[in-house]
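Novice: Structure, please.
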Amino acid sequence: MQSRYQDQTEGVLMNNEQIPLRSNADPALVRFTEALTNTPDADKADGIADMLLIFLSAGGTIAGVFVAAVLYLFFTASQVHAASWMFLLLVSVGAGGVLGCLIVMAILHAKELIVWETRDRSR
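Specialist: Modelled structure (predicted):
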């Protein structure tokens, strides 16, 4: 008695259908989006992967902003606030947002979920 998987495999081989090979040239985020949306075409999933990347970077930015604001207020709570405290808070929050986004991008790149695009500018 054969298993169901073996029956399906033999049916595919008997009909001479080719099993499409997965290309590892696409970043893992695109392949994840293909699996998530059940879309085998990388070009169609690429747009959805871009939106997912935007949401992930926005999440990193928001987390960085909150962490920077909490750290600023924690370390300056015992000090008398001068006239420039609002400017320093805005600078630290802005820097925290940028660092949060960069950290998310670095993590995604380190786990090979994204790849940096390199374009030939010699044209």
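Novice: Excluding sequence neighbours, find me the nearest residue to Met105.
Specialist: Of all residues not flanking Met105 in the chain, Ser57 sits nearest, at 6.5 Å (CB to CB, 6 or more residues apart in numbering). C-beta: built from backbone N, CA, C; applies to glycine.
Novice: Could you point out the helix or strand that follows the longest helix along the chain?
Specialist: Longest helix of the chain, by residue count under DSSP state H: helix 42-76. Heading C-terminal from helix 42-76, the first helix or strand you meet, by DSSP states H and E, is helix 85-110.
Novice: can you pull the buried residues of that next one?
Specialist: 89, 92-93, 96-97, 99-101, 104-105, 108 (16 or more other CB atoms under 10 Å).
Novice: Tabulate the residues you listed (TSV), appending pLDDT and distance to Thr76.
Specialist: Shown next, in TSV, are the buried residues of helix 85-110 (pLDDT from 0 to 100; distance: CB to CB, whole Å):
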residue	pLDDT	distance to Thr76
Leu89	90	8
Ser92	94	9
Val93	95	13
Gly96	96	14
Gly97	96	19
Leu99	96	19
Gly100	95	20
Cys101	95	24
Val104	93	27
Met105	91	29
Leu108	89	33
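Novice: confidence score at the spatially closest residue to Leu99 that is not a sequence neighbour?
Specialist: Leaving aside its chain neighbours, Leu99 sits nearest to Gly64 (5.2 Å; criterion: CB to CB, 6+ apart). For Gly64, the pLDDT comes out at 96.
Novice: again, but for Leu53
Specialist: At Leu53, pLDDT is 90.
Novice: quick one: contacts for it?
Specialist: 29, 108, 114 (CB atoms under 8 Å, 6 or more residues apart in numbering).
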